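Q: All I have is the shape, not the residue letters:
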């Protein structure tokens, strides 16, 4: 497990499997009636508790990599589960008002995401506080990569990208596509690509110098975020990666 290559494979598998597990839980709740989404979030609380505990314990362990990495992902995953189930979104659940443009469109978009964005940011602050001055800050950097990449992705989808995969959106978020803008990529897209690419090279350079698996985990996670951004403009069937997590169409039964 001390090999950077093994660390990269671990990060790749955890990213793929955890994303699919969250999609499976949400889609399963979609077909179970009223209250099922809230129960799914409650069922995920042990992962949140384990994540917070892992961040605290690993902060005092020099060289710790896998535990803080997985702990930060557990915290992030629970917040994403709370969002995708519609339990933590924003004060509004209405589609984008017709003819809304400019600031009005941004305010409306913020209203449907506000609580989620604030919770994500609160998580970032909490992980930072738990690891401040600690022997390892791996958990913070893991969460920070996820946070920065997610903010960038949401802004790009809001401002405009050619390709947006709406197939995985659950029932509680059926109103969100009205806020997406499908079209030519905005000026933010190349900036996002440049920043993510620079971050990948920075992590890889640290791996080359130190050989530490923590930097390999961060490099892989950042590279995956970079790939997710490119999938906003490239016509590749990324939905096949998580087809196993989706329920079969009712007509097939």
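A: Here it is on my side, so go on. In this text, all values refer to a predicted model and were calculated from it rather than measured experimentally. Residues are numbered from 1 along each chain as shown.
Q: ok, residue 173 - contacts?
A: 83-84, 86, 89 (Cβ atoms under 8 Å, 6 or more residues apart in numbering). C-beta here means a position set from N, CA and C on the backbone, and glycine is covered the same way.
Q: List the buried residues of the helix or strand hosting residue 20.
A: Remark: residue 20 resides in helix 4-30, with elements defined by DSSP states H and E. Residues of helix 4-30 classed as buried: 4, 7-8, 10-11, 14-15, 18-23, 25-27, 29 (neighbour count, 16 or more other Cβ atoms under 10 Å).
Q: before we move on, what about stretch 191-201?
A: 192-193, 195-196, 199-200.
Q: ok now that stretch, how far from the chain's centre?
A: 17 Å (Cα atoms, centre = their mean, to the nearest Å).
Q: Provide the contact partners of it at residue level.
A: 145, 149, 152-153, 156, 219, 222-223, 225-226, 229-230.
Q: repeat that for 6 Å
A: 152, 219, 222-223, 225-226, 229 (Cβ atoms under 6 Å, 6 or more residues apart in numbering).
Q: Which ones among these map onto helices?
A: Of those, the ones assigned to helices by DSSP state H are 152, 219, 222-223, 225-226, 229.
Q: what two of those residues are the furthest from one another?
A: For those, the maximum inter-member distance is 17.3 Å, found between 152 and 219 (Cβ to Cβ).
Q: Between those two, which is the more surrounded one?
A: Using other Cβ atoms under 10 Å as the criterion, residue 152 and residue 219 rank with residue 219 on top: 24 against 20.
Q: okay, and for the stretch 151-253 of the chain, where does confidence drop off?
A: 239, 245-253 (pLDDT under 70).
Q: I am finished for the moment; much appreciated.
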